[in-house]
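S.K.: return a 3D structure for these sequence lines:
(chains A and B)
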Amino acid sequence: MGRTSKDRRDIYYRLAKEQGWRARSAFKLMQIDEHFNIFDGVVRVVDLCAAPGSWSQVLSKRLYADKTEGEQDDVSIVAVDLQTMAPLPGVTQIKGDITKESTAKEILSQFSDRLVDLVVFDGAPDVTGLNDHDEYIQAQLVVAAINISTYLLKPQGNFVGKIFRGKEVSMLLAWLEKFFDSVIVAKPRSSRNSSIEAFAVCLGFRLPDGFMPSLDNLSIARNDKRLRDEMVVHPVTTPFVACGSLDSFDADMTYPLNINGVEYVPREPVQAPISPPYKRAKTLITSRGKSVIIMHDVEETIINTQRLRLE
Amino acid sequence: MFHNLEMGKSNIFKSVSLTNTVTCVKFIDNFLLAGIGNILLIYDIESRQLCGRRKIFDRSTIHGIQFDSRETLALIHGETNVAVYKMNIQIGFHLQFDCVLITTDWVCHVLWVNPNSFLTLSAHNKATLWSCDHKIEVNSSQCDEKCILYSATSTGEDETNIIIFSGTVFNEIIIWSPFRKSNGSNILHRLQKHEGVVFSISVNKCHSFIISSSDDRSIIIWNVEPPAEFQNIYDYWNHAKISFNYALYSHKARIWKSIVMESGNILSAGEDGQICLKTPSLTYQWEESRGSQVRSLDYTEKNNLVASGCTTGSIGLCSLNTIPKSEILADYASSNHYPKYLVVLSNTDTYKPLKVFSKIHSFAGVTAIWTHKKFEDFIIISSVGRDGTHRYWKVCTESETMIDIRLEILPTKWPFLIVNSNIHGVLICGFKESNLIVYNPTEQTILANVFCGGGHRAWGLTIDNSCNSIYFVCSSSNNQLERKEISLNGQHMLLNGFHSMIINSMAEVNDDIMVTVSEDTTVRLTRFNDKIHHLLTIRSHISSVRSVICLPVKPNVYIIVTVGARAQLKIWSLNIIDEDIYCEKSASHLLYSIQNKKLWRLPPNEGDMRFMDVCVQYIAPKLIIIFIACSDGTIRLYRYDISNKTLNLLLQSLNYNCCMLKMLKIQINNNDYILSTSAKGLVFFWNISELNYERLEQTSLDIKPVYQYNLHQSGINCCDWLELENKYYLLATGGDDQNLKLSVFQCIVNVIFKCDVSVFVHSSQVTGVKVFNKFVVSASVDQNIIFCSWSFDMKNKSLKLSPLTSYFTTVPDIHGLIAQQIE
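M.R.: Next up, the predicted model:
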């Protein structure tokens, strides 16, 4: 792929680099805010599964950098991920697993045990291509994010999380509605039309009666009745909102490289990708049919495929 | 929770056939079971025939099958469900439904502990023991390491002797026993070496090896050193020493499945579509379908067979007895002369070339020619050459003309032979780097890929059709003469596959032939009746093909227009000749094919534009206009002359600042219009009734939408149109905003929007809609196909839309729908 090919294809990818965002997803959070004003009055906020950190960047800019020095003192932003990411002004990083209670405690200690106004979550698994499994894993990440949020969110606090609009999404939304006054499915204009991704904007947190915060809560179990009468049509009650103003860029549209009279300059991504699991394999298997055996970490034996011998 | 009710049969819907990823294959005795969506297929291995088809779940996809040791019981699991079946395989294959268990979490793995109870392992690493007799939960245990699992396997004798091997999202393999603890923990071993998610784990029968495959593209072979003394399985695994033996890298992408055989040989398959066999003396790789991923794999000692299932929906069966063999014929270290061949084609003193195609296969030349089919007045021949392409030609016998009909890109840059085989038909042999490739161009599969040193050595090849083998003799690097035997009947397709990626669009050619186009860059012609019969795959677009339309020219003659990414447009003509088809490329166009041979180069300031959808309109008997919805927010018009096959761009509309998604040709008061929909929820009406032959000759041609309406919040993915009475018209649209909308327009002088109605019944984007008199069918990514009834009250200008019923399909990510009403 050429140096400019991704820039030619995707306006938001290009804009993210021009404006210094670590990923194009920064625009998604900003467009959600454009519609829902989720940052209004927010001083304590948690970004779950933050790496590479584009949402934290938005939080840092909007809630910290844009504020006066006096206001900055009240602001507290915590970003949680298993991986470390490059530091950001006003953002405290915690390296931890969101399914662990210790992580919840560590986050709260950052806020001197005061509950937070907003939790945002933009995590997603490495998709495997088996849609049912990918959707399940994504739903489990949302469940983990909500579970930890039950420790963190103040009453009437808000949550924004990435969901996959697959076959079981109504089940997940129904589960989310137990915890919030209102749940809205939001699709920012910077998210592609063809993508199954959307965002659950959950407003007005309240713990259900008798609910104890727990990280073991997994049951977005299916309604068994629904399973048996599959042919009945169930109306969808969760509202949908496309957010971002109509004159914002269209994620599916092709734009020329020079837009609005600004000359295009190819740029490197703001944040280089973190080391992928296949880093080692990539250097070893350079062509199809080649195979390599590694006995110990140092010693390498390379064998040629299809070199067949009959003894 | 257990249910005794077997899945009810619907009186309204009947699934005729399903092509989907094969998520599971499993051998038992002489049978192979395969899971495709929620359907279980049963094949007899000896006759290689389908001997059963059964719907197992309502909504879940089958992910695994386990039998008890006596082979009388089967557990079939998918997502959160487990179905229990009694099985009789003495005479034929009989499955009898027992019950279905609906759990609250994803089932990762199941195990029969004894004929009355089984174990399920959830994706959160929790084991539960269930009684089949009493239909209750007996016991459950959470592993001390609680995290998401991507794979697991287990072994067990009784409740206290169950060992589970869990492959975690955090790169670990946890070996634990659910109902027994030692030193306060139920974890026995943690194996850490992988650098990515563990996708599969396999343990050999005598428990001496564990092998695992991962996101890091490696297979790790772990040695298990048994304890000196042990009483039971628990003892064995508790005291066994497990150590890293070696890591095997042989795949270019993630490895979904790996199996260790009794012999210690390893089989693996993955995202790169390769199936790899590793024995102490060799590694051998083969593939099942081109461009596909292998999703499921199983092996049986009986007949040494491997079964594999792909994302194309194909199921392959391969005998390991027939993998290519090699033997040394002679050592000729002293002599050093290479054999050379000379073939006399014909006595040419009276012949002159009819036509010369210079450098048609690049400067390196044509290497082989083959006669394919003889029709009444023309012959189809094909040629291969050193540019790595396969070109088809039509030779008209009467007019003695020869035309280039289409081209296919081969998996080898150096094809050297086209040959006919008994069981696979025409085959192409070629070299790729240092390997010999045997390719089936009809099925587009590689039958063999064997190391031979490459084409620069001395070699010879012969095909023996009596024993279905190819013999290849070559000189080897150490001055020996080697013979390879490549068996052609080793691989067998139980079920043929379809596209390897998303199908973007489809169009009906006639009552039973359909043309489909896909992200995998191919265009496929398929006969759909009670079976899916593959007719032709055209691999010639340089990128994703987005849309297709078919236009009848005269009986059995059609024009097919395909458009796609990289702003590419191709026109094909299709003749249906009895059971046979003939297809040729009539015109091809790349918007940005500036005088540059490198197709992938774009002009400096251009974005990478995609053609999204296409419509066609006759304006004279032999002249059509092609309308294209473009991702740069415009529509483009092309003029195509059928008789002389010329294609040119007529004009381009203004840019409407949003990606155009779909297009539909409609008629309003006998005037032709084009509807186009956009990613921002707008519908544009373009009046094309005045685009006649005379106007095309004028230079000042222009096109503007005459009306535009905002109907959805965001992208409109599908639309349909129906004429009502009294100049009323109905437009059905489905959007990314999950809305199914009906709008009524009236046209007396102008098209005026009258009223609309929406239903919110889909929980994901609506991607297919078809409107009929009184009802409308819609399909969505939520996998529901919903039927709604509609009515229009002309007096009060009000529309009603009410849902009737829905059908759930296991096809994920639905991209469109075609529906027909049969009286």
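S.K.: for the helix or strand hosting B:Leu481, buried residues please.
M.R.: Element membership for B:Leu481 (DSSP states H and E) is strand B:480-487. For strand B:480-487, the neighbour count (16 or more other Cβ atoms under 10 Å in any protein chain shown) marks B:Glu482, B:Arg483, B:Lys484, B:Glu485, B:Ile486, B:Ser487 as buried. In short, each C-beta sits where N, CA and C put it, glycine included.
S.K.: I'd say the first one and B:Tyr471 touch.
M.R.: It refers to B:Glu482. No - using Cβ atoms under 8 Å, B:Glu482 makes no contact with B:Tyr471, being 11.0 Å away.
S.K.: shaky segments in the chain?
M.R.: You didn't say which chain, so I picked chain A. A:1-3, A:218-231, A:273, A:288-289, A:296-311 (pLDDT under 70).
S.K.: chain B was what I was after
M.R.: In chain B, residues with pLDDT under 70: B:7-10, B:331-354, B:593-601, B:698-700.
S.K.: longest single helix anywhere in it?
M.R.: Determined from DSSP state H, the single longest helix within chain B is helix B:233-239.
S.K.: could you point out which element follows it?
M.R.: Heading C-terminal from helix B:233-239 (DSSP H and E), you reach strand B:241-249.
S.K.: tell me what that next one is packed against?
M.R.: With contacts defined as 3 or more Cβ pairs under 8 Å, 6 or more residues apart in numbering or on different chains; DSSP states H and E, strand B:241-249 has these neighbours: strand A:291-294, strand B:187-192, strand B:218-225.
S.K.: tell me what angle it forms with strand B:187-192.
M.R.: Angle between the axes of strand B:241-249 and strand B:187-192 is 30 degrees (criterion: axes from the mean of the first three to the mean of the last three Cα atoms, to 10 degrees).
S.K.: now the strands for the stretch 401-550 of chain B?
M.R.: B:401-409, B:414-421, B:425-432, B:435-440, B:445-451, B:459-464, B:469-475, B:480-487, B:491-495, B:503-508, B:513-518, B:522-528, B:532-539, B:545-554 (DSSP state E, counting those that start in this stretch).
S.K.: kindly report the same for the stretch 601-750 of chain B.
M.R.: B:611-620, B:623-630, B:635-641, B:646-652, B:660-668, B:671-678, B:682-687, B:705-710, B:716-723, B:728-735, B:740-747.
S.K.: next one: chain A
M.R.: Here chain A has its strands, by DSSP state E, at A:44-48, A:76-81, A:91-95, A:116-121, A:153-164, A:180-188, A:197-205, A:240-243, A:291-294, A:300-303.
S.K.: ok, the helix or strand hosting B:Leu101 near chain A or not?
M.R.: Using DSSP H and E, B:Leu101 maps to strand B:94-102. Yes - legend: contact between strand B:94-102 and chain A by Cβ under 8 Å from any Cβ of the partner chain is shown at B:Ile102.
S.K.: what lines up beside that strand in the sheet?
M.R.: Using DSSP bridges, the strands paired with strand B:94-102 in its sheet are strand B:2-3 (antiparallel), strand B:81-88 (antiparallel).
S.K.: what's in contact with the last one?
M.R.: The one in question is strand B:81-88. B:28, B:56-57, B:60, B:67, B:71-77, B:93-103, B:107, B:110, B:118, B:120, B:132 (Cβ atoms under 8 Å, 6 or more residues apart in numbering or on different chains).
S.K.: circling back to that earlier point, please identify the most buried of the strands of chain A.
M.R.: strand A:44-48 (a mean of 28; mean count of other Cβ atoms under 10 Å in any protein chain shown).
S.K.: now do it: everything it contacts.
M.R.: By Cβ under 8 Å, 6+ apart, strand A:44-48 touches A:55-56, A:59, A:63, A:75-81, A:91, A:98, A:107, A:111, A:114-123, A:145, A:148-149, A:152.
S.K.: redo that, cut-off 6 Å
M.R.: The contact list for strand A:44-48, computed with Cβ atoms under 6 Å, 6 or more residues apart in numbering or on different chains, reads A:55-56, A:59, A:76-80, A:98, A:107, A:111, A:116-121, A:145, A:152.
S.K.: cool, and stretch B:795-802?
M.R.: Here stretch B:795-802 has contacts from B:Leu742, B:Val744, B:Lys754, B:Cys755, B:Val757, B:Val759, B:Cys788, B:Ser789, B:Trp790, B:Ser791, B:Phe792, using Cβ under 6 Å, 6+ apart.
S.K.: if we use 10 Å, what do you get?
M.R.: A:233, B:728, B:730, B:732, B:740-744, B:746, B:754-759, B:761, B:775-776, B:788-793 (Cβ atoms under 10 Å, 6 or more residues apart in numbering or on different chains).
S.K.: may I see the buried residues of that stretch?
M.R.: Neighbour-count burial for stretch B:795-802 [16+ other Cβ under 10 Å]: B:Leu799, B:Leu801.
S.K.: which one of the buried residues of strand B:480-487 is nearest chain A?
M.R.: Of all these, chain A sits closest to B:Lys484, with 7.1 Å by Cβ to the nearest Cβ.
S.K.: and the gap between the closest residue to that closest one other than its chain neighbours and B:Gln491?
M.R.: Sequence neighbours aside, B:Phe472 is the residue nearest to B:Lys484 in space, at 4.4 Å (criterion: Cβ to Cβ, 6 or more residues apart in numbering or on different chains). Counting by Cβ to Cβ, to the nearest Å, the separation of B:Phe472 from B:Gln491 is 17 Å.
S.K.: next, count neighbours for the spatially closest residue to B:Cys132 that is not a sequence neighbour.
M.R.: Nearest non-adjacent residue to B:Cys132, counting by Cβ to Cβ, 6+ apart: B:Asn116, 5.3 Å away. The number of residues packed near B:Asn116 is 14, by other Cβ atoms under 10 Å in any protein chain shown.
S.K.: same check, this time on the one 4 residues further on
M.R.: B:Thr120 is flanked by 23 other residues according to other Cβ under 10 Å.
S.K.: same check, this time on B:Val419
M.R.: 16.
S.K.: spatially central residue for chain A, please.
M.R.: Centroid-nearest residue in chain A, with Cα atoms, centre = their mean: A:Asp122, separated by 1.5 Å.
S.K.: A:Ile38 touches A:Gly161, doesn't it?
M.R.: No - between A:Ile38 and A:Gly161 there is no contact under Cβ atoms under 10 Å: 11.9 Å.
S.K.: any residues in contact with both of those two?
M.R.: By Cβ under 10 Å, 6+ apart, A:Ile38 and A:Gly161 have these common neighbours: A:Val120, A:Val201.
S.K.: surely the residue nearest to B:Lys484 meets B:Ile486?
M.R.: Yes - with contact defined as Cβ under 10 Å, B:Phe472 counts as touching B:Ile486 (6.6 Å).
S.K.: tell me, what's touching these two both at once?
M.R.: B:Pro324, B:Ser326, B:Cys429, B:Leu436, B:Val438, B:Ala448, B:Val450, B:Leu461, B:Ile463.
S.K.: same list (those residues) but as TSV, adding distance to chain A.
M.R.: Shown next, in TSV, are these (distance: Cβ to the nearest Cβ, whole Å):
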residue	distance to chain A
B:Pro324	6
B:Ser326	4
B:Cys429	15
B:Leu436	9
B:Val438	13
B:Ala448	9
B:Val450	5
B:Leu461	16
B:Ile463	19
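S.K.: got these as JSON lines, with neighbour count columns?
M.R.: Formatted as JSON lines, these follow (neighbours: other Cβ atoms under 10 Å in any protein chain shown):
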{"residue": "B:Pro324", "neighbour count": "24"}
{"residue": "B:Ser326", "neighbour count": "21"}
{"residue": "B:Cys429", "neighbour count": "25"}
{"residue": "B:Leu436", "neighbour count": "28"}
{"residue": "B:Val438", "neighbour count": "26"}
{"residue": "B:Ala448", "neighbour count": "25"}
{"residue": "B:Val450", "neighbour count": "26"}
{"residue": "B:Leu461", "neighbour count": "18"}
{"residue": "B:Ile463", "neighbour count": "19"}
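S.K.: so what's the residue count around residue 104?
M.R.: I'll assume chain A. 22.
S.K.: I was after chain B.
M.R.: By other Cβ under 10 Å, 13 other residues sit near B:Thr104.
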